[in-house]
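Asks: Here is a sequence with its predicted model. Questions after.
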Amino acid sequence: MSPSLGGAEHLVGAPRARFAMHFPLLLWATLWLVPLLLAALVVATGSPGAAVIGLVLVWLLASLPLTWFLRRHRMILTDRAIVMGPFVPRVAPDVLFYADIDTSTIRTWSNLRAYLRASGTSAFTSGEMITPLSRLGVTFRARRSGRLQDGRLVEDDLVSSLGGTIEMFALTGSAERFIGALTPLLIAAQVPGAEAVPHTALPPGRLSGEKGSHRTEIPGWPAPRQGERFEDLPPEVQEGIRRRMSKG
């Protein structure tokens with residue numbers, strides 16, 4: 001039993017494969033170089049002994065905790081679901097059950113960063129941990145999503161009200177390894193269309209990055225409605241959006 005699943009193995013099953021979420025080298029370099037720069041300032045204004053002590057303290061207080069937190073961002077493929085962290089105390093991981101995934105929309109990409117240009121969003125507003133340096137990516141449509149809290153699934157109200165969502169995430173490693181691990185689990189879970197996933201998801205495609213192109217290039221994306229306003233959305237969808245915004 002994996003403690004990182006928070007006692008939810010009865011819902012999602014046993015862990016079968018683990019993947020590290022992608023973070024650009026620039027982020028790692030910042031975490032490790034900033035303490036060195038601060039120590040250099042101490043050297044310029046104080047004694048070498050103070051510099052060494054300052055370096056150790058800053059490194060322990062800043063870089064190590066942040067490095068630990070980033071390394072806890074994992075994707076775990078279980079018997080019945082995809083579970084994504086960070087797997088840290090008091091943080092509920094995201095969960096996507098295989099039965100809710102439209103297997104015909106599973107795709108891998110060699111330049112997921114192009115999504116930011118196509119959608120006009122930044123790495124800070126995309127909500128998907130996609131950065132300008134993200135390469136390998138996976139996208140698909142899911143009927144519902146949620147979080148694991150206290151060993152139970154808490155569904156995302158907004159996704160439920162919209163009838164589904166496009167999931168996308170950046171990974172390290174190879175697309176072949178991810179699809180190779182996911183496909184037999186989908187087949188074992190008897191998800192329709194699972195056998196065809198290796199043929200439709202591989203080899204990785206490329207996004208053009210042209211404005212709005214993600215809506216047609218990423219399978220499963222809802223077709224845009226001309227001139228649709230917030231007040232034109234169904235009442236339950238409006239309420240779901242209001243609840244999400246009220247939570248910050």
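Replies: Sure, I can see it.

Asks: who touches the longest strand along the chain?
Replies: Taking DSSP state E as the criterion, the chain has its longest strand at strand 101-109. Contact with strand 101-109 is made by 136-143, 164, 175, 178-179, 182, 186, 191-194, 196-197, 200-207, 218-220, as judged by Cβ atoms under 8 Å, 6 or more residues apart in numbering. (Each C-beta comes from the backbone N, C-alpha and C, glycine too.)

Asks: ranges for the helices of the chain?
Replies: All helices of the chain, identified by DSSP state H, fall at 9-12, 25-45, 48-58, 64-71, 114-119, 157-162, 175-188, 197-201, 214-217, 235-246.

Asks: and the second one, average pLDDT?
Replies: Model confidence over helix 25-45 averages 63 on the pLDDT scale.

Asks: Check the fourth one too.
Replies: Predicted confidence along helix 64-71 averages 67 (mean pLDDT).

Asks: thinking again about what came up before, can you give me the mean pLDDT across the longest strand of the chain?
Replies: For strand 101-109, mean pLDDT is 96.

Asks: What residues sit buried inside that strand?
Replies: For strand 101-109, burial by neighbour count (16 or more other Cβ atoms under 10 Å) applies to Ile101, Asp102, Thr103, Ser104, Thr105, Ile106, Arg107, Thr108, Trp109.

Asks: Tabulate these in a markdown table, adding columns for distance to Met75.
Replies: As requested, the buried residues of strand 101-109 are exported to a markdown table (distance: Cβ to Cβ, whole Å):
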| residue | distance to Met75 |
| --- | --- |
| Ile101 | 14 |
| Asp102 | 19 |
| Thr103 | 17 |
| Ser104 | 21 |
| Thr105 | 18 |
| Ile106 | 14 |
| Arg107 | 16 |
| Thr108 | 14 |
| Trp109 | 16 |
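
Asks: before we move on, back to that, what subset of the contacts of strand 101-109 is buried?
Replies: Judged by 16+ other Cβ under 10 Å, buried ones among those: 136-142, 164, 175, 178-179, 182, 186, 191, 194, 197, 201-202, 204-205, 207, 218, 220.

Asks: The residue nearest to Ile218 when sequence neighbours are not counted pairs with what?
Replies: In this structure, Ile218 finds its nearest non-sequential neighbour in Thr139, 5.1 Å apart by Cβ to Cβ, 6 or more residues apart in numbering. Note on Thr139: beta-bridge partners by DSSP bridges are Arg107, Met168.

Asks: Go ahead and confirm Thr139 touches Ile166.
Replies: Yes: between Thr139 and Ile166 there is a contact at 6.3 Å, judged by Cβ atoms under 8 Å.

Asks: Now do the shared contacts for these two.
Replies: Ile218, Gly220.

Asks: what about Arg90, neighbour count?
Replies: Arg90: 4 surrounding residues under other Cβ atoms under 10 Å.
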